[in-house]
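**Q** Build me a structure from this.
(one chain, ligands or ions: 1)
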Amino acid sequence: MSSLSPEKPIEIFQDSFERCEKEDFLMTFYKRFVNISPEIQEKFEGVDLERMRDLVYESLYFMMMASNETTKATADLDQLGEFHAKHGVTRQMYDTWLDCLVDTAREYDPNWNEKVEDCWRAVMKVGIDIMKEQAPH
Ligand code: HEM
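**A** Residues are numbered from 1 along each chain as shown. Model (predicted):
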């Protein structure tokens, strides 16, 4: 990477995600998230683990697209927010989702530092904020 083109947050996030992915990062995150509280566990009752792994992958992709200002992905996130609102997903649960994600990435990425963490949070924030808008107050 040349000093003339400093890495953007999304690039720093992607590099970190690639370092995480070598291990079973997605499943570890999902298990951590689901087991963090009975109310979250209850929402995922009966959901297949393999499906959840794919869902998490898909979720991160959605978030990245939103952060890239892709209009289509933003529209999809409105719908996804509505879907979650119908399932009773609260704003607090989105915060928990992000904290679990960051805690897991911190464990898996050998090059983790404060800047990398800021980039994960910044990239996820755009999409999460869109989804949160639909959440019950
Ligand atoms: C930014 C955060 C999140 C993203 C991007 C995301 C993404 C998704 C996606 C793409 C689906 C599949 C929707 C479909 O089948 O049409 C889904 C399903 C689901 N999500 Fe999320 N999700 C997020 C946070 C949460 C949170 C915080 C909860 C809280 C418990 C949650 C609970 C669920 C549940 C219960 C399902 C249904 C699973 C099923 O029955 O197959 N999600 N999510």
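
**Q** Quick one, grab the pLDDT at the residue in the chain positioned nearest to the ligand.
**A** Across the chain, no residue is closer to the ligand than Ser59, which sits at 3.3 Å (CB to the nearest ligand atom). Heads up, the C-betas are built off the backbone N, CA and C, glycines and all. What the model reports for Ser59 is a pLDDT of 88.

**Q** Can you name the residues of the chain that neighbour the ligand?
**A** Within reach of the ligand by CB under 6 Å from any ligand atom, the chain has these residues: 40, 43-44, 47, 51, 55, 58-59, 62-63, 80, 83-84, 87, 89, 93-94, 97, 127-128, 131.

**Q** report the longest helix in this structure, please.
**A** helix 114-134 (DSSP state H).

**Q** what's it packed up against?
**A** When contacts are defined as 3 or more CB pairs under 8 Å, 6 or more residues apart in numbering; DSSP states H and E, helix 114-134 packs onto helix 9-21, helix 49-67, helix 71-86, helix 91-108.

**Q** For the helix or strand harbouring Lys31, which outside residues touch it?
**A** Assessed by DSSP states H and E, Lys31 sits inside helix 25-34. With contacts defined as CB atoms under 8 Å, 6 or more residues apart in numbering, helix 25-34 is touched by 40-41, 44, 49, 52-53, 55-57, 96-97, 100-101, 103-105, 107-108.
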